[in-house]
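Undergrad: Compute the structure for the input listed below.
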Amino acid sequence: MKNIAEASEWLSSIIGTKNFNIEPLRKEASQRAYFRVRSEKNSFVLCDNFDEKEVPAKYLYATKILQKNSVNVPEILGFSESLRFILLEDLGDQTLDINKSQSHEKVLNEALMQLSLIKFSEQDVLKSFSENDLLAQTKKFITFCNEQNLDEEDINLINNLREDLVQNLMGQQFVPTHNDFERRNLIYHNEEIYVIDFQDLNIAPIGIDLASILFEHNFNYEDETISKLLSKHINSNGFQISIDELKRHIMQALAHRSMRIVGTFNEYFKKGIALNRQKDIKNFLQRIILSLEYLDKNNSAIIIKKIL
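TA: As a prediction, the model looks like this:
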């Protein structure tokens with residue numbers, strides 16, 4: 001941790017003791033870093049936002065919105081005046097990409113219950129994705145494709161695909177969205193699922209969060225299970241949409257999301273960041289192929305297969 005003395009001084013003023021230990025937690029792709037703080041009687045999670053100010057402000061705001069709607073999120077126990085440090089309730093380490101003790105259907109059912117609560121958040125106070133926002137999210141994927149020595153015709157086809165996917169996403173119902181609703185951002189605590197890393201909460205196409213959880217890059221679920229879950233999700237939320245149409249929305253979002261992640265990770269790797277996620281690139285490319293073949297965009301799928 002940078003400036004350990006500054007962090008220690010702030011922590012002691014918040015938790016009322018200087019007797020504590022600080023240990024790093026799993027490093028994610030963001031610039032933020034997380035630590036477990038252990039005192040004699042309690043443990044906490046410390047978030048170090050470094051020089052960021054916009055992200056922690058969004059996190060604090062999103063926490064209030066989600067708590068108001070009964071979403072399970074960690075309690076905020078304190079934050080520094082500069083917003084560099086935020087002290088959080090310690091929910092443990094059992095993120096659902098690691099904890100596999102529960103059946104997939106049980107995990108997904110409980111996750112979708114939390115997602116339903118998120119979707120009922122007040123929309124007027126959240127920013128909505130624009131067409132330009134969605135298009136910009138996959139721009140780095142073109143850089144990645146260029147680095148794979150694809151020819152100009154292939155690059156043009158992928159560019160057209162980006163624009164087509166965004167047009168389809170803009171035609172979907174827009175709802176409050178976590179934007180990275182996958183198992184690594186869900187924690188099993190006190191026999192309940194809690195949601196973390198929700199600072200990007202906004203209004204976005206309905207398929208995005210569903211694609212994140214139902215077609216996560218490291219987990220494969222039976223089609224029958226997915227259809228059953230979607231039917232329940234549609235009914236419990238009162239959505240006026242068929243399962244087939246929602247699946248198509250999800251596949252459009254999956255292609256877009258996976259392109260965004262590949263492009264972002266590629267930039268991180270060149271900077272020496274998140275190198276532990278390099279093995280995931282292949283999985284995300286396979287998700288792009290899966291979604292494109294479902295959407296009958298076989299020419300584009302062939303290009304992605306060239307990269308693999």
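Undergrad: name the element residue 109 belongs to?
TA: helix 104-119 (DSSP states H and E).
Undergrad: Correction: the previous question concerned residue 23.
TA: Going by DSSP H and E, residue 23 is in strand 20-24.
Undergrad: centre of the chain versus the next helix-or-strand element following the helix holding residue 109, how much separation?
TA: Later in the chain than helix 104-119, the nearest helix or strand by DSSP H and E is helix 131-137. Once both centres are worked out by Cα atoms, centre = their mean, to the nearest Å, helix 131-137 turns out to sit 17 Å from its chain's centre.
Undergrad: helices or strands up against the least confident helix or strand in the chain by mean pLDDT?
TA: Least confident element among the helices and strands of the chain, by mean pLDDT, DSSP states H and E: helix 4-15 (a mean of 88). Packing partners of helix 4-15 (3 or more Cβ pairs under 8 Å, 6 or more residues apart in numbering; DSSP states H and E): strand 20-24, strand 33-39, strand 43-48, strand 85-89. For the C-beta atoms, the positions are set from N, CA and C on the backbone; glycine is no exception.
Undergrad: Just send those strands back as CSV, with mean pLDDT too.
TA: Formatted as CSV, the helices and strands packed on helix 4-15 follow (pLDDT from 0 to 100):
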stretch, mean pLDDT
strand 20-24, 91
strand 33-39, 92
strand 43-48, 94
strand 85-89, 95
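Undergrad: Nearest to residue 273, out of those?
TA: Closest to residue 273 of the helices and strands packed on helix 4-15 is strand 33-39 (Cβ to Cβ; 11.9 Å).
Undergrad: Now do the closest one and strand 20-24, the angle between them.
TA: Here strand 33-39 runs at an angle of 150 degrees relative to strand 20-24 (axes from the mean of the first three to the mean of the last three Cα atoms, to 10 degrees).
Undergrad: and strand 33-39, what does it pack onto?
TA: On a contact count with 3+ Cβ pairs under 8 Å, 6+ apart, strand 33-39 meets helix 4-15, strand 20-24, strand 43-48.
Undergrad: what separates the spatially most central residue of the chain from residue 156, distance-wise?
TA: By Cα atoms, centre = their mean, the chain has its centre lying nearest to residue 180, at 1.4 Å. The spacing between residue 180 and residue 156, counted by Cβ to Cβ, to the nearest Å, is 30 Å.
Undergrad: can you list contacts of stretch 35-43?
TA: Contacting residues not belonging to stretch 35-43 are listed as 1, 11, 15, 17, 19-25, 44-46, 48, 87, 90 [Cβ atoms under 8 Å, 6 or more residues apart in numbering].
Undergrad: filter those to the buried ones?
TA: With neighbours counted by 16 or more other Cβ atoms under 10 Å, the contacts of stretch 35-43 contain buried members at 11, 15, 20, 22, 44, 45, 46, 48, 87, 90.
Undergrad: Quick check: buried residues in the least confident helix or strand of the chain?
TA: For helix 4-15, by 16+ other Cβ under 10 Å, it's 7, 10, 11, 14, 15.
Undergrad: Would you mind giving these as TSV with distance to residue 245 added?
TA: Shown next, in TSV, are those (distance: Cβ to Cβ, whole Å):
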residue	distance to residue 245
7	49
10	50
11	50
14	49
15	51
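Undergrad: so which of those residues would you say is closest to residue 242?
TA: Residue 242 has its nearest neighbour among the buried residues of helix 4-15 in residue 14, at 50.8 Å by Cβ to Cβ.
Undergrad: Contacts only, for that closest one.
TA: 77, 78, 87.
Undergrad: please redo it, this time with the cut-off set to 10 Å
TA: The contact partners of residue 14, taken as Cβ atoms under 10 Å, 6 or more residues apart in numbering, are 37, 44, 46, 77, 78, 79, 80, 85, 87.
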